[in-house]
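A.B. asks: pasting the sequence and the predicted model now:
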2 protein chains.
Amino acid sequence: MVNLNDVARKAHVSKMTVSRVINHPDQVSPEVMTLVQQAIKAVGYVPNQVARALVNKRHYVIRFLLLEDVATVEPNYAKLLIRLAQNLQQKGYTLEISLDITAETKSIDGIIVSGWRQEDLSKLQALDVPVTLYGAAPTNCPLSSVDVDNQVGIEKATEYMWRQGYRDIYYIGLSLDLPFAKQREAGYRAVMAQKGGRVSVYQTENHAHLADTLVTNLMHNFQLPTAIVCATDRIALGVLRAVQRVYHIPRECGVIGFDGVFIDQLTQPQLTTVRQPFALIAEKIVAQIISQIESETTLETNNVSVSPDIVVRETTSL
Amino acid sequence: MVNLNDVARKAHVSKMTVSRVINHPDQVSPEVMTLVQQAIKAVGYVPNQVARALVNKRHYVIRFLLLEDVATVEPNYAKLLIRLAQNLQQKGYTLEISLDITAETKSIDGIIVSGWRQEDLSKLQALDVPVTLYGAAPTNCPLSSVDVDNQVGIEKATEYMWRQGYRDIYYIGLSLDLPFAKQREAGYRAVMAQKGGRVSVYQTENHAHLADTLVTNLMHNFQLPTAIVCATDRIALGVLRAVQRVYHIPRECGVIGFDGVFIDQLTQPQLTTVRQPFALIAEKIVAQIISQIESETTLETNNVSVSPDIVVRETTSL
């Protein structure tokens, strides 16, 4: 099997030089680079990942650490994981999946964490590899993070309903004491305050049938045309069911959701929603963790919010 | 940082002996094993994964290779991936995700492949690491595989509807020329042949709205009470919508789906379905790939089918 020695011999350079071309390309002259690369091609050498790692002290492996309960795992993860794997692959890294916050970190270069809570942050900070959080960071978060811009997403949704001509606008939010839930509600309140519209905020757990029941009990108060801005597509699904029993969607009542992963494709009529831009989110997460890994110094904490866009379908025009 | 030397010194044995305890435990006596393990604990040594790999020539990494188009990725994958990661973790392996069939295999011990088609099999066979397929294998498949038992699943579903008292039983299948689709249809036909019932098979693409349209055009032929066995939950979702416009579910028409991943939780009424046992499927996949890796000789091809069970909810009782 072809190895480093064969390349060195072919190029008439030392093994040390070949190793430098592979692992520290910034340290070699363009002439040497070309010479060695040609030799590599000529002998058909494929760098050994494990050997490379030992030289660099880098493993070219990033861990996706999922701290959420497996049973409640959302379909969102499938898309995100695959996008992350794609992005990392382009940069020469592999993505491994782990559910164990205590797993050893000797074989990895960095960690992307999802499903974390406030209580996990100190443990994550104490790990000896760079960490990037996926999800809405609390204020003064000690770690870098990337998330969809929850507040801007619901601001856009609420603004959109207003522009469509709806004036009696409800917000059905999540009864969760987490940053992302509070940010979404803040988006609705900000727009309604700016427009001087009546604020109607209700909360539910993230289940279609609970949202259905909640809205069923609100409908007698509707001043048509009414709009319902929903914190998630799951909630929107339940809201659509409740409303359709009594009113015409969208002429009497408009509904908009948030996520655009999967559920929005299953509703009838087709749901207008705020789509989480997973492809872009994955790019930002990867850019973040790699810059943390490749930086010689400790970087400042960076909390990135990615603005989502509205996907207009059938549930929102007067 | 604590290393092998510290353990050797603590246990009063050679480094070679410590290495053997860690990497070839079958080659050491119980007394030496205990002595060294106590020393490991006492000094707080954590084996270095990379060093272990070089000794064993094993990397303790399994790749999940996804060949399907990212855009059509189902939420099913989130559950399966996480279950796989959990199972592998228990056996000391990490799971990496890749989308590239040409990626080098030097740093991994085996591959689990999903989203493959008949055309990919020769390329997969040619790889120089063990491969296990996830998904329904064609007859005379050259590689080992694990899948839910598609035929048994739909047999159970059809049998169940018959036992509930439905006699006019339809099967809405998938218009796909793939083994799993044909196996599911075969399950319905087998039961109807055995019962002497009328065979009513229709096919659609895997979209709720298409299934909705299809069934809307069939309903005038129903001889109540009618049952509809669906190849997937997505199809069942569309079928439920169509039927509910005209008939009572389940008294006039019963509906049963297949998957039990996610969609079944979103329907109204709540959908009876054949649940894919992902936890068990993941266990079987991991057992399979590890036995292929750890076997000294080439194993016979093994095609495992895991029987699913019915989750009874609200759409199926007379």
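C.D. replies: Looks like it came in fine.
A.B. asks: what's the first helix or strand after the helix or strand bottoming out on mean pLDDT in chain A?
C.D. replies: Least confident helix or strand of chain A, by mean pLDDT, DSSP states H and E, is helix A:49-56 with a mean of 53. Later in the chain than helix A:49-56, the nearest helix or strand by DSSP states H and E is strand A:61-66.
A.B. asks: what ranges does the stretch 51-200 of chain A have for its helices?
C.D. replies: Along the stretch 51-200 of chain A, counting by DSSP state H, counting those that start in this stretch, helices occupy A:76-90, A:121-125, A:150-164, A:179-195.
A.B. asks: can I get the ones you listed in JSON lines including mean neighbour count and distance to residue B:298?
C.D. replies: Where C-beta positions appear, they are placed from N, C-alpha and C, glycine not excepted. Below are those laid out as JSON lines (neighbours: other Cβ atoms under 10 Å in any protein chain shown; distance: least, Cβ to Cβ, whole Å):
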{"stretch": "helix A:76-90", "mean neighbour count": "22", "distance to residue B:298": "30"}
{"stretch": "helix A:121-125", "mean neighbour count": "13", "distance to residue B:298": "44"}
{"stretch": "helix A:150-164", "mean neighbour count": "22", "distance to residue B:298": "53"}
{"stretch": "helix A:179-195", "mean neighbour count": "18", "distance to residue B:298": "50"}
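A.B. asks: which residue packs closest to the one residue in chain A that gets nearest to chain B, ignoring adjacent ones?
C.D. replies: Proximity of chain A to chain B (Cβ to the nearest Cβ) peaks at residue A:75, 2.7 Å away. Excluding its sequence neighbours, the residue lying closest to residue A:75 (Cβ to Cβ, 6 or more residues apart in numbering or on different chains) is residue B:75, at 2.7 Å.
A.B. asks: would you confirm that the one you found contacts residue B:260?
C.D. replies: No. Applying Cβ atoms under 8 Å as the test, residue B:75 and residue B:260 come out as separate, 11.7 Å apart.
A.B. asks: contacts only, for the closest residue to residue A:237 other than its chain neighbours.
C.D. replies: In space, and not counting its chain neighbours, residue A:237 is closest to residue A:208: 4.2 Å by Cβ to Cβ, 6+ apart. Residue A:208 is in contact with A:234, A:235, A:237, A:238, A:241, B:266, B:268, counting by Cβ atoms under 8 Å, 6 or more residues apart in numbering or on different chains.
A.B. asks: from those residues, which is closest to residue B:37?
C.D. replies: Ranked by distance to residue B:37 (Cβ to Cβ), the contacts of residue A:208 are led by residue A:234 at 49.1 Å.
A.B. asks: list the buried ones in the helix or strand hosting that closest one?
C.D. replies: Taking DSSP H and E as the criterion, residue A:234 maps to helix A:233-244. Buried residues in helix A:233-244, counted by 16 or more other Cβ atoms under 10 Å in any protein chain shown: A:233, A:234, A:235, A:236, A:237, A:238, A:239, A:240, A:241, A:242, A:243.
A.B. asks: show me which residues of the stretch 201-318 of chain A sit near chain B.
C.D. replies: By Cβ under 8 Å from any Cβ of the partner chain, the part of the stretch 201-318 of chain A that sits against chain B consists of A:208, A:209, A:212, A:234, A:237, A:241, A:262, A:263, A:266, A:268.
A.B. asks: could you dump the residues you listed to CSV with pLDDT?
C.D. replies: Output for these, formatted as CSV (pLDDT from 0 to 100):
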residue, pLDDT
A:208, 93
A:209, 93
A:212, 97
A:234, 93
A:237, 95
A:241, 94
A:262, 84
A:263, 87
A:266, 86
A:268, 88
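A.B. asks: so who does the residue lying closest to residue A:247 once chain neighbours are set aside touch?
C.D. replies: The spatially closest residue to residue A:247, leaving aside those adjacent along the chain, is residue A:253, at 4.5 Å (Cβ to Cβ, 6+ apart). Residues in contact with residue A:253, defined by Cβ under 8 Å, 6+ apart, are A:222, A:224, A:225, A:226, A:227, A:228, A:243, A:247.
A.B. asks: just the buried ones from the residues you listed?
C.D. replies: Buried among these by 16+ other Cβ under 10 Å: A:222, A:225, A:226, A:227, A:228, A:243, A:247.
A.B. asks: possible to save those as CSV with distance to residue A:303, secondary structure and pLDDT?
C.D. replies: Below are those laid out as CSV (distance: Cβ to Cβ, whole Å; DSSP: H, G, I helix; E, B strand; the rest coil; pLDDT from 0 to 100):
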residue, distance to residue A:303, secondary structure, pLDDT
A:222, 38, coil, 96
A:225, 38, coil, 96
A:226, 35, strand, 98
A:227, 31, strand, 98
A:228, 30, strand, 98
A:243, 36, helix, 97
A:247, 40, coil, 97
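A.B. asks: list just the nearest of those to residue A:115.
C.D. replies: Closest to residue A:115, out of all of the buried ones among the contacts of residue A:253 and judged by Cβ to Cβ, is residue A:228, at 28.1 Å.
A.B. asks: measure how buried the closest residue to residue A:241 other than its chain neighbours is and give me the count.
C.D. replies: With Cβ to Cβ, 6+ apart as the criterion, residue A:241 has its nearest non-adjacent residue at 5.0 Å, and that residue is residue A:212. If you count neighbours by other Cβ atoms under 10 Å in any protein chain shown, residue A:212 ends up with 20.
A.B. asks: now residue A:212: which helix or strand?
C.D. replies: helix A:208-216.
A.B. asks: in that helix, what's buried?
C.D. replies: Buried-residue list, helix A:208-216, by 16+ other Cβ under 10 Å: A:208, A:209, A:210, A:211, A:212, A:214, A:215, A:216.
A.B. asks: so residue A:301 touches residue A:143, yeah?
C.D. replies: Yes. Here residue A:301 reaches residue A:143: they are 6.5 Å apart, a contact under Cβ under 8 Å.
A.B. asks: and these two? which has more neighbours close in?
C.D. replies: Between residue A:301 and residue A:143, counted using other Cβ under 10 Å, residue A:143 has the larger neighbour count: 20 against 12.
A.B. asks: which ones are touching that one?
C.D. replies: Residue A:143 touches A:121, A:124, A:125, A:131, A:132, A:133, A:137, A:301, counting by Cβ under 8 Å, 6+ apart.
A.B. asks: again, only this time at 10 Å
C.D. replies: Shown in contact with residue A:143 (Cβ atoms under 10 Å, 6 or more residues apart in numbering or on different chains): A:113, A:116, A:120-121, A:124-125, A:127, A:130-133, A:137, A:292, A:301-303.
A.B. asks: from these, keep the buried residues only.
C.D. replies: Buried, going by 16+ other Cβ under 10 Å: A:113, A:116, A:120-121, A:124, A:127, A:130-133, A:137, A:292, A:303, out of those.
A.B. asks: just these: which has the poorest pLDDT?
C.D. replies: Scanning those for pLDDT, the low point is residue A:137. It has 89.
A.B. asks: in contact with the residue nearest to residue A:154 when sequence neighbours are not counted, which residues?
C.D. replies: Excluding the flanking residues, the one nearest residue A:154 by Cβ to Cβ, 6+ apart is residue A:187, at 3.2 Å. Residue A:187 makes contact with A:149-159, A:171, A:173, A:229, A:231, A:258, A:274, according to Cβ under 10 Å, 6+ apart.
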